[in-house]
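Enquirer: coords please:
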Amino acid sequence: MAPWIDPTPRVRWGDARWRYVVGLVTIVLGAAATNLTSTFSLWFLLIGPCVQLLGWLILPGALWRRLAVLLPCLLGALVLLAGPDFVGAYAALLAGWLFARHRPLLSYLAVLPVIVLSFVLKAALNEYGQNWIGLLSGALLTVACAWLGWGLAVWRRRQIAAWRVRRALRGRHAMAPDRP
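Expert: Coordinates of the predicted model:
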């Protein structure tokens, strides 16, 4: 059996794969630039959300889905500035990504490890100077959970396809004439 690959959505402008790569890179760069903000570099607070906004608009998919996740994801990236106590904002970013990428409901189980990590980091990290640990571990787990969400979506689609094949075979056997 050939591996399942995400179907390339039809887009009105540009190439879907190009838009996917550029959208993902600009979303990540926008969130990273937002988190580079300090009292000496406040202009990152302007540039980061603008770049992230551009990434969500470039990403292929239904426009209403991308617009629906825009504000929660922009706020999630801004909340990460507050320190390691707010690493749970990665859950909002991951849920927004799954929603914008049209993942089935089962793939939202991938958000649970990010939520658990936020509680672990809240108990383990207690200084603003440790924020880089929270940001790095949260980002790595979010990427891993995005792949997990994709894997759950693939598994779900294969289960549905197998169920349809079984149902079609049962229907064929029911229509076959009885042999003595």
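
Enquirer: buried residues in stretch 23-39?
Expert: Residues of stretch 23-39 classed as buried by neighbour count (16 or more other CB atoms under 10 Å): 23-24, 26-35, 37. All C-beta spots, glycine's among them, are computed from the backbone N, C-alpha and C.

Enquirer: should've said stretch 116-128
Expert: 117, 118, 121, 122, 125.

Enquirer: by contact count, what packs against the worst-scoring helix or strand of the chain on mean pLDDT?
Expert: The weakest-scoring helix or strand in the chain, judged by mean pLDDT, DSSP states H and E, is helix 131-175 (a mean of 85). Applying 3 or more CB pairs under 8 Å, 6 or more residues apart in numbering; DSSP states H and E, we find helix 131-175 packed against helix 89-100, helix 112-124.

Enquirer: could you dump these to TSV with distance to residue 137?
Expert: Below are the helices and strands packed on helix 131-175 laid out as TSV (distance: least, CB to CB, whole Å):
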stretch	distance to residue 137
helix 89-100	9
helix 112-124	7
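
Enquirer: what kind of secondary structure is residue 77 in?
Expert: Assigned state for residue 77: helix (three-state reduction, DSSP: H, G, I helix; E, B strand; the rest coil).
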